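Asker: with the sequence up front, the predicted model follows.
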Amino acid sequence: CLFCFFCLGFAVCRINVVKHFIGQATGFSASCRLSPAELLALQKQQRYEEVCEAWPCLEDFTLEAFSAVVDALLALDRPEDVGLFFYKAAVNLSHLRPNLYQSIRAIEQSQAPMTCISIALQEVFRNRDPLDERSRQELLVAFARTNDEKYAHEAFKDLQRVPREIGYRTVQGFLSCSNLDAAIQYLQKAQEHGSLALQELLVETAYAVEADAHNQRTRMCELLALGDDFFPPLLACAFRVAVACEAQDVYDLAVSALKGPGIGIDVLAPFVQAAQIFDPQGGVDVLKELVLDEDAHLAAQKLRSHADEVTSAWIDLAFGSAFPVSWADLSEGLPVPSSSQRSRSGIHSETAGDQAIQQGQQGGPRTGLEAPPRTENTLSLLSAACVAGDRDSADGQLERMEGAAVDSQSLR
């Protein structure tokens with residue numbers, strides 16, 4: 001009896017009218033064709049099973065419909081089917097192949113769990129044979145943004161070339177995951193391939209290294225080795241990191257790349273701080289060369305006006321060496337102080353030059369037209385006072401210079 005009912009039911013279901021009715025109950029039939037808009041409507045209604053079933057019935061296979069099916073597979077927790085779906089689409093639907101990279105990007109940006117996204121991307125990579133170069137490049141970026149170093153390494157080896165945009169997005173992908181070691185590694189790889197302009201990414205990575213206290217010294221040394229040109233923000237980060245982790249080698253690398261023109265206070269301030277710690281005398285020599293540039297000169301003056309007493313004196317050493325005041329400059333360009341200014345200055349300490357003058361007076365007349373000995377010390381002090389705007393100190397130095405000149409004339 002049961003067998004008879006089974007046979008009857010089978011025969012009834014074979015009738016076209018019944019088949020059409022059953023098809024309408026599920027939203028589509030084997031004989032009708034669906035438009036891509038209808039499939040997208042099913043996706044918006046979150047009827048993911050029907051989205052997958054409707055794919056073979058589409059009248060036009062578009063990229064939007066394809067991406068909708070991929071999204072449905074992820075929503076149904078079926079990431080293992082995504083790779084085969086890409087493979088069949090690339091083989092059978094050649095018009096979709098050049099744009100499949102957009103669907104790969106959509107996977108990475110999906111709202112599905114990260115584990116599901118990672119499995120889907122890995123399956124696509126395993127079935128990558130019919131995919132074009134653009135899709136394979138997008139896989140590299142997707143693996144970076146999901147922090148999948150293993151598959152990113154394999155995807156990088158699989159590429160024929162790494163365009164600038166892909167290299168940039170790969171490094172940014174690892175930076176977004178706070179994977180600084182991987183970001184620096186791919187900066188190095190991109191530079192080896194000559195495919196990336198590094199300035200902006202180097203600075204972005206340097207800021208991330210400065211913010212992360214882990215392994216700062218090694219990471220900053222690797223970044224500085226990549227910077228062939230002068231990048232002020234990178235060097236500013238390097239000097240700050242050198243001070244923070246007491247890294248002499250980071251300071252030395254940064255100083256070797258420090259050159260003008262165009263050095264502003266944002267670089268000069270951390271350099272001065274680091275130089276006073278690691279190499280005070282050598283730092284003065286470096287600053288002496290830098291301040292010959294107008295931008296660095298103005299920056300140093302601004303920095304000095306806000307610095308503490310020790311730092312101000314350190315900067316004055318560089319200014320005094322870089323801009324010495326000659327004997328002729330004093331006699332022609334600087335005003336002779338009045339008697340009131342002399343009395344106000346209060347600087348009457350005896351110098352080696354004064355002692356030499358006294359010795360000349362006691363032992364006989366002095367020959368030659370040169371300035372008295374040890375004048376250069378007074379000149380340096382006068383230069384520093386002029387730069388600092390210290391009028392009283394400058395007047396005092398001038399009084400000493402004038403007195404030495406008078407004594408010299410009398411000796412003649």
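Answerer: Ah, there it is.
Asker: contacts and neighbour counts: CA atoms only from here.
Answerer: OK.
Asker: name the helices or strands packed onto the helix or strand encompassing residue 202?
Answerer: Using DSSP states H and E, residue 202 falls within helix 199-211. Under the contact criterion of 3 or more Cα pairs under 8 Å, 6 or more residues apart in numbering; DSSP states H and E, helix 199-211 touches helix 164-176, helix 180-192, helix 216-226, helix 232-245.
Asker: worst mean pLDDT among these?
Answerer: Out of those, helix 180-192 stands lowest, with a mean of 87 (criterion: mean pLDDT).
Asker: so is residue 258 in a helix, a strand, or just coil?
Answerer: coil (DSSP: H, G, I helix; E, B strand; the rest coil).
Asker: hmm, back to that, dump the helix holding residue 202 to PDB, restricted to CA.
Answerer: What follows is helix 199-211 as a C-alpha-only set of coordinates in PDB (Å, rounded to 0.1, in the frame of the first residue of the first chain):
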ATOM      1  CA  GLN A 199      58.400  58.600   2.500                       C
ATOM      2  CA  GLU A 200      54.800  58.600   3.700                       C
ATOM      3  CA  LEU A 201      54.900  54.900   4.800                       C
ATOM      4  CA  LEU A 202      58.200  55.300   6.600                       C
ATOM      5  CA  VAL A 203      56.900  58.100   8.600                       C
ATOM      6  CA  GLU A 204      53.600  56.300   9.400                       C
ATOM      7  CA  THR A 205      55.500  53.200  10.500                       C
ATOM      8  CA  ALA A 206      57.900  55.300  12.500                       C
ATOM      9  CA  TYR A 207      55.000  56.900  14.500                       C
ATOM     10  CA  ALA A 208      53.700  53.400  15.200                       C
ATOM     11  CA  VAL A 209      57.100  52.300  16.400                       C
ATOM     12  CA  GLU A 210      57.400  55.300  18.700                       C
ATOM     13  CA  ALA A 211      54.000  54.500  20.200                       C
END
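Asker: low-confidence ranges, the stretch 251-400 of the chain, go.
Answerer: 260, 321-400 (pLDDT under 70).
Asker: any chance you could map the strands in the protein?
Answerer: Counting by DSSP state E, no segments of the chain form strands.
Asker: quick one: contacts of the helix holding residue 202?
Answerer: Applying Cα atoms under 8 Å, 6 or more residues apart in numbering, the contact partners of helix 199-211 are 168, 171-172, 175, 180, 183-184, 216, 219-220, 223, 227, 231, 233-234, 237-238, 240-241.
Asker: ok, 7 Å please
Answerer: With contacts defined as Cα atoms under 7 Å, 6 or more residues apart in numbering, helix 199-211 is touched by 216, 219, 220, 223, 231, 233, 234, 237, 241.
Asker: what sits against the nearest residue to residue 116 once chain neighbours are set aside?
Answerer: Nearest non-adjacent residue to residue 116, counting by Cα to Cα, 6 or more residues apart in numbering: residue 79, 5.9 Å away. The contact partners of residue 79, taken as Cα under 7 Å, 6+ apart, are 73, 116, 119, 120.
Asker: how about the nearest residue to the third one, chain neighbours excluded?
Answerer: To tie it back to what came earlier, the one meant is residue 119. Per Cα to Cα, 6+ apart, closest to residue 119 is residue 79, 6.0 Å.
Asker: separation between the one you found and residue 115?
Answerer: Distance, residue 79 to residue 115, by Cα to Cα, to the nearest Å: 9 Å.
Asker: quickly list what's touching both of these two.
Answerer: Residues touching both residue 79 and residue 115 (Cα under 7 Å, 6+ apart): there are none.
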